[in-house]
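Undergrad: the following comprises the amino acid sequence and a computationally predicted model.
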Amino acid sequence: MASRRSIVPRDLLRIRTASDPQISPDGQRVAFVVTTASDERDAYPADIWLVELAGGEPRRFTTGAVRDSAPRWSPDGRQIAFVSERQPGKPSQLYVVPADGGEPTRLTALSNGVDAAWGPVWSPDGRQLAFTARVGGWQEPEREEERRKSKPPRVITTLKHKVDGEGFTFDRRPHIFVVPATGGEARQLTDGDFPDTFPAWSPDGTLIAFTSERHPTRDEDWAGDVFVVPTTGGEPRRVTRTVGPVRHPAFSPDGRWIAYVGSPYPTDDGRNARVYVVEVEGGTPRCLTEPLDRGVWDFTRIHWSADGEWVLCVVRDRGNCPILRVPLKAGKPVDRPVGGERTVTGFSVARGSGLVAFVATAPDMPAEVFVAAADGTGERRLTDLNVAWKGEVEISRPERFTCRRDNVDIDGWVLPPAGREPGRRYPALLWIHGGPHREFSNQWWIEGQIEAGAGYALIYLNPRGSQGYGEAFSRAVVGDWGGVDFADLMAGVDEALQRHPYIDPERLGVLGASYGGYMTNWIIGHTDRFKAACSENGISNVATQVGTSDIGCIWTVSEQGDVPPWDDLARYVERSPLTYVKAIRTPLLLLHSEHDLRCPPEQSEQLFVALKRLRREVVLARFPEASHGLGTLGRPRHRLERWRLLLDWFDRHLRPSAAGPVAEPG
């Protein structure tokens, strides 16, 4: 390891990341997406790759586009559908290509493009594809003289009128389409002023299930329903009973059941997402995962086993995200075919053999493709996309610990600085996750590796509010932001310092994004133990965030105990970091995306103005055209500049102190 170098920000441009593994119907090949970061393009080019289960090197299958994604095998395995940005400056469209190679055929030419996030879905007979696309919206004129004229006003009548990363969406709702696999006009199956998403074909090809918010209070909650619509067209029929959010409907192999991910709480945040099944004709849904007291990772699709006896899902469990098999019939135990100290980010199931292809990541491994039998036996790794790069760098490996507080275990990790030398003390950064109902998990974390490579130890924790520890643990911060979560974080820092004496307690920094930015702002208004701080896309005034955020009118109100600010403004003032600005003495770097619709820039601006008026040390860096997920989803050049600003800031404030000797534990 001595000959290996530390990881630096520009290593972002070297790493290949695998995602969306799709196993062929015969279980012989896996198609997946490989994404890289390009400094030259200032984008994330993505190609579809193939790997044989019998062995051999994975190979690039598509090339030349800005981004190819969402590969889906035809039922006979002869074709692959995918979504692509093949025309520069134009929205993504749907394509098909022979599975053995050839020229892709474009199937759609829609003005708003095809949504890759919900993926194309083949009909059982392979003759059609269902997909989701936004309908309507103002279109940029083609003639130059028209483009110079004023744009029309946006006349808004709904609360849900914008989405971070997408902009204003009130006049272009997503709907379900079908298109012939041989080409032709795409046919719109659903319409109306509500989003229709996650299409799924019935095994007999007569119905498409989808999710939608078509109930009267849809503007005031997250509730939705599973609907079915005839593939020939007609009025959608509601299958579920409008009790809470729903995602990822999937028909059972015999067509009798629809499984989906949902929750019985229409507005509450921090609840466990659960797997339900409901009969296609309707009735009372049955929850399959309630006894687990663990949330399903609702960004990953669920799948039926080939025999229809199980539903497979990814769950959030104490910093790991394994695949579970949940039995359809009561009395059988829940099975964990894919586990370990890692995070599964996507998977698919072969229709005949039941083989499971999945992508997993671990603290020392960017995402790679694996395959296993339905029961988890015979697991094999199919890719090693970063083998050459990993041979060059020193990857820091975290050390997990637990501290006990209020009779509750709080999980934490310390990521040592790269090249740590015995007898030296090192500065450390407390990293706070967002959410608050997210969590740190055992996965590849380029952010931590870069900061460890710069000579910092990282302390990161899953305080109360985090997912993966049960619903009561996650809900403990609702109505108590800055309370139990703050105390848990400080207790975790104390435990980390006691266990790792090479960390210099006089050179601590704190940082976080989104809710982590809120907690950073809160912490420095309540303690001076940190010598520098960085708050990214955070919150300083909870009351104003309610009315300016894309989700604030529901999410923020729910998080504050389901009481809006006009009913109890004092509650919001008390829980706003801005209220305690006079106590802030810690030098603060504020990073904010100018197109952030989740935690708008005014949140950092308010804190910046107050601190400048108080003549405290504060810097505000604004990132043009960037949205909320700057640190993980921002354009590559923005991310590189962000790391430069962040590391320069902490170097300036945490490096000057002399590194005193430390006694190594025996």
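TA: The structure has been received and is ready for your questions. Just so it is clear, the model here is predicted, and its values are computed rather than measured.

Undergrad: quick one: neighbours of residue 429, just the number.
TA: Close neighbours of residue 429, defined as other Cβ atoms under 10 Å, add up to 27. C-beta: built from backbone N, CA, C; applies to glycine.

Undergrad: so how far is residue 266 from it?
TA: 38 Å (Cβ to Cβ, to the nearest Å).

Undergrad: over to residue 474: give its phi and psi.
TA: Torsion angles at residue 474 (phi, psi; degrees, to the nearest 10) stand at phi -70, psi -40.

Undergrad: ok, now which ones touch it?
TA: Contacts of residue 474 were listed using Cβ atoms under 8 Å, 6 or more residues apart in numbering, and they are 270, 271, 272, 295, 437, 464, 465, 466, 467.

Undergrad: any idea which of those is closest to residue 618?
TA: Ranked by distance to residue 618 (Cβ to Cβ), the contacts of residue 474 are led by residue 465 at 26.7 Å.

Undergrad: show me what contacts that closest one?
TA: 270, 435, 436, 437, 473, 474, 476, 477, 484, 485.

Undergrad: export the residues you listed to CSV and tack on secondary structure, distance to residue 394 and pLDDT?
TA: Listed next are the contacts of residue 465 as CSV, based on DSSP: H, G, I helix; E, B strand; the rest coil; distance: Cβ to Cβ, whole Å; pLDDT from 0 to 100:
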residue, secondary structure, distance to residue 394, pLDDT
270, coil, 37, 95
435, coil, 30, 95
436, coil, 33, 97
437, coil, 33, 98
473, helix, 35, 98
474, helix, 35, 98
476, coil, 38, 98
477, coil, 36, 98
484, helix, 37, 98
485, helix, 33, 98
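
Undergrad: between those residues, which is nearest residue 457?
TA: Using Cβ to Cβ, residue 485 comes nearest to residue 457 of the contacts of residue 465, at 21.7 Å.

Undergrad: hmm, residue 519 and the closest one touching each other?
TA: Yes. In this structure, residue 485 is within contact of residue 519 by Cβ atoms under 8 Å, at 6.7 Å.

Undergrad: same drill for the two, tell me which one is more crowded.
TA: When residue 485 and residue 519 are compared for neighbours, residue 519 comes out ahead with 29 against 23, by other Cβ under 10 Å.

Undergrad: how about the more buried one, what does it touch?
TA: So residue 519 contacts 432, 436, 482, 485, 486, 489, 512 (Cβ under 8 Å, 6+ apart).

Undergrad: of those residues, closest to residue 217?
TA: For those, the nearest to residue 217 is residue 436 (25.2 Å; Cβ to Cβ).

Undergrad: tell me how far the closest one lies from residue 475.
TA: 10 Å.

Undergrad: now swap in residue 495 and tell me
TA: Taking Cβ to Cβ, one finds residue 495 at 24 Å from residue 475.

Undergrad: quick one: which of the contacts of residue 519 sit in strands?
TA: The strands, defined by DSSP state E, take in 432, 512 from these.

Undergrad: let me know the closest of the contacts of residue 519 to residue 44.
TA: residue 512 (23.8 Å).

Undergrad: which residue is the nearest non-sequential neighbour of the closest one?
TA: Closest residue to residue 512 apart from its sequence neighbours, by Cβ to Cβ, 6 or more residues apart in numbering: residue 432 at 3.3 Å.

Undergrad: same question, residue 385
TA: Nearest one to residue 385, counting by Cβ to Cβ, 6+ apart, is residue 16 at 4.0 Å.

Undergrad: swap in residue 592?
TA: Once flanking residues are discounted, residue 592 sits nearest to residue 604: 4.2 Å by Cβ to Cβ, 6+ apart.

Undergrad: doesn't that neighbour fall inside a helix?
TA: Yes. Judged by DSSP: H, G, I helix; E, B strand; the rest coil, residue 604 forms part of a helix.

Undergrad: SS state for residue 55?
TA: Classified using three-state DSSP, residue 55 is coil.

Undergrad: mind listing the shared neighbours of residue 436 and residue 475?
TA: With Cβ under 8 Å, 6+ apart as the test, residue 436 and residue 475 both reach residue 270.

Undergrad: more crowded one of these two?
TA: Neighbours per residue (other Cβ under 10 Å) separate residue 436 from residue 475, with residue 436 holding more: 26 against 18.

Undergrad: ok, that one to residue 522 distance?
TA: 11 Å.

Undergrad: show me the contacts for the residue nearest to residue 512.
TA: 460, 461, 489, 510, 511, 512, 515, 516, 519, 520.

Undergrad: restricted to helices, list these.
TA: The helices, defined by DSSP state H, take in 489, 515, 516, 519, 520 from the contacts of residue 432.

Undergrad: for the stretch 351-500 of the chain, what spans make up the helices?
TA: 387-390, 446-453, 471-475, 484-499 (DSSP state H, counting those that start in this stretch).

Undergrad: of all the ones you listed, which lies closest to residue 609?
TA: Closest among the helices of the stretch 351-500 of the chain, once you apply Cβ to Cβ, is helix 484-499, at 24.5 Å.

Undergrad: give me the helices and strands touching the closest one, please.
TA: strand 399-405, strand 408-415, strand 426-432, strand 457-462, strand 503-513, helix 515-524 (3 or more Cβ pairs under 8 Å, 6 or more residues apart in numbering; DSSP states H and E).

Undergrad: name the residues that touch that helix?
TA: By Cβ under 8 Å, 6+ apart, helix 484-499 touches 401, 403, 405-406, 410, 412, 414, 428, 430, 432, 436, 459, 461, 463-465, 476-477, 503, 505, 508, 519, 522-523, 526-527.

Undergrad: separate out the buried members of those.
TA: Neighbour-count burial within these applies to 401, 403, 405, 410, 412, 414, 428, 430, 432, 436, 459, 461, 463-465, 476-477, 503, 508, 519, 522-523; the criterion is 16 or more other Cβ atoms under 10 Å.

Undergrad: tell me how many other residues crowd the nearest residue to residue 479 once chain neighbours are set aside.
TA: Nearest residue to residue 479, sequence neighbours excluded (Cβ to Cβ, 6+ apart): residue 561, at 3.3 Å. Other residues near residue 561 come to 13 when the count uses other Cβ under 10 Å.

Undergrad: closest one to residue 450 out of the contacts of residue 474, please.
TA: Nearest member of those to residue 450, counting by Cβ to Cβ, is residue 466, at 23.1 Å.

Undergrad: send me stretch 621-639 as PDB with only the CA atoms.
TA: C-alpha atoms of stretch 621-639 as PDB (Å, rounded to 0.1, in the frame of the first residue of the first chain):
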ATOM      1  CA  ALA A 621     -20.500  29.900  -3.000                       C
ATOM      2  CA  ARG A 622     -23.400  29.600  -5.500                       C
ATOM      3  CA  PHE A 623     -23.400  27.000  -8.300                       C
ATOM      4  CA  PRO A 624     -25.300  28.200 -11.400                       C
ATOM      5  CA  GLU A 625     -27.900  25.900 -13.000                       C
ATOM      6  CA  ALA A 626     -27.300  23.200 -10.400                       C
ATOM      7  CA  SER A 627     -30.100  21.400  -8.400                       C
ATOM      8  CA  HIS A 628     -30.300  19.900  -5.000                       C
ATOM      9  CA  GLY A 629     -28.100  16.900  -5.400                       C
ATOM     10  CA  LEU A 630     -24.900  18.900  -6.100                       C
ATOM     11  CA  GLY A 631     -22.400  16.700  -4.300                       C
ATOM     12  CA  THR A 632     -23.600  13.400  -5.900                       C
ATOM     13  CA  LEU A 633     -25.500  14.300  -9.100                       C
ATOM     14  CA  GLY A 634     -24.000  17.700 -10.000                       C
ATOM     15  CA  ARG A 635     -22.200  18.200 -13.200                       C
ATOM     16  CA  PRO A 636     -18.500  17.000 -13.000                       C
ATOM     17  CA  ARG A 637     -16.900  20.400 -13.200                       C
ATOM     18  CA  HIS A 638     -19.200  21.700 -10.400                       C
ATOM     19  CA  ARG A 639     -18.300  18.700  -8.300                       C
END
